[in-house]
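Visitor: pasting the sequence and the predicted coordinates here, then a few questions.
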Amino acid sequence: MQVSDAGTPGISDPGARLCKVLFENGKVATPLPGACAYISLLSVSGVLSNEHLFIGFLPSKSSHRIKELERYQDNQCPVIFYESPHRIVDCIKDIVKVCGDERELVVGREMTKMFETIKRDNAVNILQFIESDANQQKGEFVIILLPKVEDKDVTNELSIKHKEIIQLLAKELPPKKAAQIAAQVLDLDKQTIYDYIVSTKK
């Protein structure tokens, strides 16, 4: 019996219901090699991990989605999930809110299809890329949330003069704004400066 003419419908898909009915009636669906969106993206993502966690679709409501993301934000292996076109922008915004601007993602759109797009970048750049192009808000999405980069001692990367300038800016401006201006003036990494400001406030 044919369940699907494309894709692998038993993974986070209503096709699993039909397969269950077949089992309940003494029959078995025969699997054939096919396109499974998340496996397809993972295979070309450049993610160096022998483990991953696939969680299907995140909740549709933002407050519930944020709670779910908070569960996985410190996961030590990549977390992979699906998202729909009408929620993709809000979903990435929630990732930025929970995991931060610099959290690295791999996002695949319309995997194995004609208009396939694959993008690997930090969360805020991914958000800007999708928001700036209406075509990138169409189709089905796979998102790989990469593990958080371990905290490092950012103090050693900044000279005494750099720290003096950064501290002066931090006294007058919010941390993100101070980091942005300092990065432009000093030609340094914005995240490094932001982490330093946060560490001094702690």
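Guide: Thanks, I have the structure now.
Visitor: what residues go with each domain of this protein?
Guide: 1-34, 37-145, 154-201 (automatic domain parsing).
Visitor: where does the protein dip in pLDDT?
Guide: Low-confidence segments of the chain, defined by pLDDT under 70: 1-13, 31-34, 150-157, 202.
Visitor: quick one, helices of it?
Guide: Counting by DSSP state H, the chain has helices at residues 15-24, 37-44, 62-72, 88-99, 123-131, 160-172, 175-186, 190-201.
Visitor: how about those in a markdown table, adding distance to residue 80?
Guide: C-betas here are computed from N, CA, C, even on glycine. Formatted as a markdown table, the entries for the helices of the chain read as follows, by distance: least, Cβ to Cβ, whole Å:
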| stretch | distance to residue 80 |
| --- | --- |
| helix 15-24 | 17 |
| helix 37-44 | 5 |
| helix 62-72 | 10 |
| helix 88-99 | 13 |
| helix 123-131 | 15 |
| helix 160-172 | 37 |
| helix 175-186 | 29 |
| helix 190-201 | 24 |
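Visitor: out of the ones you listed, nearest to residue 141?
Guide: Comparing these by their distance to residue 141 (Cβ to Cβ), the top pick is helix 88-99, with 5.3 Å.
Visitor: quick one: contacts of the closest one?
Guide: 58, 62, 65-66, 69-70, 73, 83, 103, 105, 107, 123-124, 126-127, 130-131, 137, 141, 143, 145, 148 (Cβ atoms under 8 Å, 6 or more residues apart in numbering).
Visitor: which among these end up buried?
Guide: Neighbour-count burial (16 or more other Cβ atoms under 10 Å) is assigned, among the contacts of helix 88-99, to 58, 65, 69, 73, 83, 103, 105, 107, 123-124, 126-127, 130, 141, 143, 145.
Visitor: right, and the pair among the residues you listed with maximum separation?
Guide: Going by Cβ to Cβ, the pair spanning the buried ones among the contacts of helix 88-99 furthest: 73 and 130, at 20.4 Å.
Visitor: show me what contacts residue 120?
Guide: Taking Cβ under 8 Å, 6+ apart as the test, what residue 120 contacts is 45-46, 104-107.
Visitor: quick one: it from residue 144, how far?
Guide: 8 Å (Cβ to Cβ, to the nearest Å).
Visitor: same deal with residue 166?
Guide: Shown here: residue 166 relative to residue 144, a distance of 33 Å by Cβ to Cβ.
Visitor: just residue 137 next, same as before
Guide: The separation that residue 137 has from residue 144, given Cβ to Cβ, amounts to 19 Å.
Visitor: to what extent is the residue nearest to residue 70 when sequence neighbours are not counted buried, counted in neighbours?
Guide: In space, and not counting its chain neighbours, residue 70 is closest to residue 98: 5.7 Å by Cβ to Cβ, 6 or more residues apart in numbering. Neighbours of residue 98 under the rule other Cβ atoms under 10 Å: 19.
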